[in-house]
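Peer 1: could you look at this predicted model? Sequence included:
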Amino acid sequence: MTPKPVKAKSLAQTALPIGQFKKKPSAALAYQTATDRKALNLVLGGILVVGGVVTGLLLGGWLGLGVGALIVLLGYYFLILGMGGPHAWTEIFQEFFNL
């Protein structure tokens, strides 16, 4: 009893198209990434605001006021970016200059 010969298939016939292996990002993953980015912006903004106030007080004088204000403005930017979205710079501009 000899087994019947098996007809060999070419690699092109057995392989799946490459497109089937590419995973598309799901909506849940995009939401999680956006939520993580917002949380990171909020934390970074809070740290920068506190750091700007402390730096300004430690330096003192006009230098402390200027450096502290710049660091706090950067912190406000990240806070508003975490809360509001990509148009945070307009909110910061209005807040800083009270327009």
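Peer 2: Okay, I see it. Residues are numbered from 1 along each chain as shown.
Peer 1: pLDDT weak spots in the protein?
Peer 2: Along the chain, segments meeting pLDDT under 70 span 1-32, 34, 96, 98-99.
Peer 1: 80 instead, please
Peer 2: 1-36, 84-99 (pLDDT under 80).
Peer 1: grab the longest helix from it for me.
Peer 2: helix 27-59 (DSSP state H).
Peer 1: mind giving me the packing neighbours of it?
Peer 2: In terms of contacts (3 or more CB pairs under 8 Å, 6 or more residues apart in numbering; DSSP states H and E), helix 27-59 is packed against helix 61-84. Every residue, glycine included, has its C-beta placed from N, CA and C.
Peer 1: toward the C-terminus from the helix it packs on, list the very next helix or strand.
Peer 2: Where DSSP states H and E defines the elements, the next helix or strand beyond helix 61-84 is helix 88-97.
Peer 1: give me the angle between that next one and helix 27-59.
Peer 2: 30 degrees (axes from the mean of the first three to the mean of the last three CA atoms, to 10 degrees).
Peer 1: name the residues that touch helix 88-97?
Peer 2: 73, 76-78, 80-81, 84, 99 (CB atoms under 8 Å, 6 or more residues apart in numbering).
Peer 1: residue 57: neighbouring residues, count only.
Peer 2: 11 (other CB atoms under 10 Å).
Peer 1: buried set for stretch 69-83?
Peer 2: Across stretch 69-83, burial judged by 16 or more other CB atoms under 10 Å covers 71-82.
Peer 1: just give me the closest of those to residue 53.
Peer 2: residue 72 (6.5 Å; CB to CB).
Peer 1: on that earlier part again, I'd like the contacts of helix 88-97 laid out as JSON lines, including distance to residue 90.
Peer 2: What follows is the contacts of helix 88-97, written out as JSON lines (distance: CB to CB, whole Å):
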{"residue": "73", "distance to residue 90": "14"}
{"residue": "76", "distance to residue 90": "12"}
{"residue": "77", "distance to residue 90": "11"}
{"residue": "78", "distance to residue 90": "15"}
{"residue": "80", "distance to residue 90": "9"}
{"residue": "81", "distance to residue 90": "11"}
{"residue": "84", "distance to residue 90": "9"}
{"residue": "99", "distance to residue 90": "10"}
